[in-house]
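**Q** Attaching a predicted model along with its sequence, questions to come.
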Amino acid sequence: MEFGQKRVILLTGDYGCGKTNLAVNLAILLAEKGKVSVVDMDTVNPYFRTADFGETLTKRGINVVFPQYANTNLDIPVLNFDLESVISESDFTIIDIGGSDAGAYPAGRYESLLKSLGEQLEMLYLFNMYRLCERSADEIVKTLREIESACRLKCTGLVNNSNLGAETTRETVAASGEFAEEVAEKTGLPIRFTCVTENEKPDETHLPIKRLVTLPWETEREI
């Protein structure tokens, strides 16, 4: 899977679909091509934020921007950064917005800026057919439209991130193919790529990603 055609990638989807994990993987991948900034715009969910990887990504030369008070005892995040400057000073910017429509509202304040990017912007909707709330294509379409309405932006593509966490196998991903095609048909959006396990070989439609976001009882994995 070739990346680098779009300067700004906005990742959205329902809670727990894997936005943070993909954001970190993409940041590392694009850092080989230029200066990367990762923007954590999640002001709703205090768990599994891109900001959790701030120190590690910074050591790799990746600029990490996150809401004020994120990862503190107060944890009432406030968007206090200049997104326009972040984008203009970076070759690539990955924006991780919150899950569902509630998390997408903060992105709406940057509507004019993001729309002005035109073809430079890719807004990807991630889905996982194995999650309880995403087991029908109609439910995914409903959430996608709610997110678009909340942030006043239109998705441009889909990411099939169907997985079973640590239990994910090649067969797990392959079994989601028909479901993904149904989602694409109902949304009218192309599937940009399918996430596969890190030991798979990349091709035009499959992107191997490392599972970096772990559950509380699991051992953290090195980036």
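**A** Arrived safely. Since we're looking at a predicted model, the values are computed, not measured.
**Q** Now do the buried residues in the helix or strand of the chain with the lowest mean pLDDT.
**A** None of the helices or strands of the chain scores lower by mean pLDDT, DSSP states H and E than helix 100-104, at a mean of 73. Of the residues in helix 100-104, 100-101, 103-104 count as buried by neighbour count, 16 or more other Cβ atoms under 10 Å. Backbone N, C-alpha and C define where each C-beta goes, glycine included.
**Q** Can you tell me which of the residues you listed is nearest residue 15?
**A** Checking the buried residues of helix 100-104 against residue 15 by Cβ to Cβ gives residue 100 as the nearest, at 5.9 Å.
**Q** so what does the least confident helix or strand of the chain touch, helix or strand wise?
**A** Contact here means 3 or more Cβ pairs under 8 Å, 6 or more residues apart in numbering; DSSP states H and E; on that basis helix 100-104 packs against helix 137-151.
**Q** which parts of the helix it packs on are buried?
**A** Of all the residues in helix 137-151, those buried under the rule 16+ other Cβ under 10 Å are 137, 139-141, 143-144, 147-148, 150-151.
**Q** residue boundaries of the strands in the chain?
**A** Using DSSP state E, the strands found in the chain span residues 8-13, 36-40, 63-65, 92-96, 121-127, 157-160, 191-197, 206-209.
**Q** ok and the fifth one relative to strand 8-13, angle-wise?
**A** In this structure, strand 121-127 runs at an angle of 20 degrees to strand 8-13, with axes from the mean of the first three to the mean of the last three Cα atoms, to 10 degrees as the basis.
**Q** Chain neighbours aside, what residue packs nearest to residue 115?
**A** Closest residue to residue 115 apart from its sequence neighbours, by Cβ to Cβ, 6 or more residues apart in numbering: residue 153 at 7.0 Å.
**Q** If you could redo that for residue 139, that was the one I meant.
**A** According to Cβ to Cβ, 6+ apart, the nearest residue to residue 139 is residue 133 (6.5 Å).
**Q** go on, residue 135?
**A** residue 129 is the one closest to residue 135 (Cβ to Cβ, 6+ apart), at 6.4 Å.
**Q** What is the neighbour count of the one you found?
**A** Counted with other Cβ atoms under 10 Å, the neighbours of residue 129 add up to 22.
**Q** and what of residue 172?
**A** 17.
**Q** who are the neighbours in contact with it?
**A** By Cβ atoms under 8 Å, 6 or more residues apart in numbering, the contact list for residue 172 reads 130, 162-164.
**Q** picking that back up, can you redo the buried residues of helix 137-151 as TSV with distance to residue 27 and pLDDT?
**A** Putting the buried residues of helix 137-151 into TSV (distance: Cβ to Cβ, whole Å; pLDDT from 0 to 100) gives the following:
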residue	distance to residue 27	pLDDT
137	30	93
139	29	91
140	25	93
141	29	94
143	25	92
144	24	94
147	22	92
148	24	94
150	25	90
151	21	90
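**Q** Closest one of those residues to residue 110?
**A** Set against residue 110, the nearest of the buried residues of helix 137-151 by Cβ to Cβ is residue 151 (8.5 Å).
**Q** any chance of the strands of the chain in CSV, with mean neighbour count, distance to residue 53 and mean pLDDT too?
**A** Converted to CSV, those look like this (neighbours: other Cβ atoms under 10 Å; distance: least, Cβ to Cβ, whole Å; pLDDT from 0 to 100):
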stretch, mean neighbour count, distance to residue 53, mean pLDDT
strand 8-13, 26, 14, 94
strand 36-40, 27, 8, 93
strand 63-65, 20, 7, 91
strand 92-96, 26, 11, 94
strand 121-127, 23, 17, 96
strand 157-160, 22, 19, 97
strand 191-197, 21, 17, 95
strand 206-209, 20, 14, 93
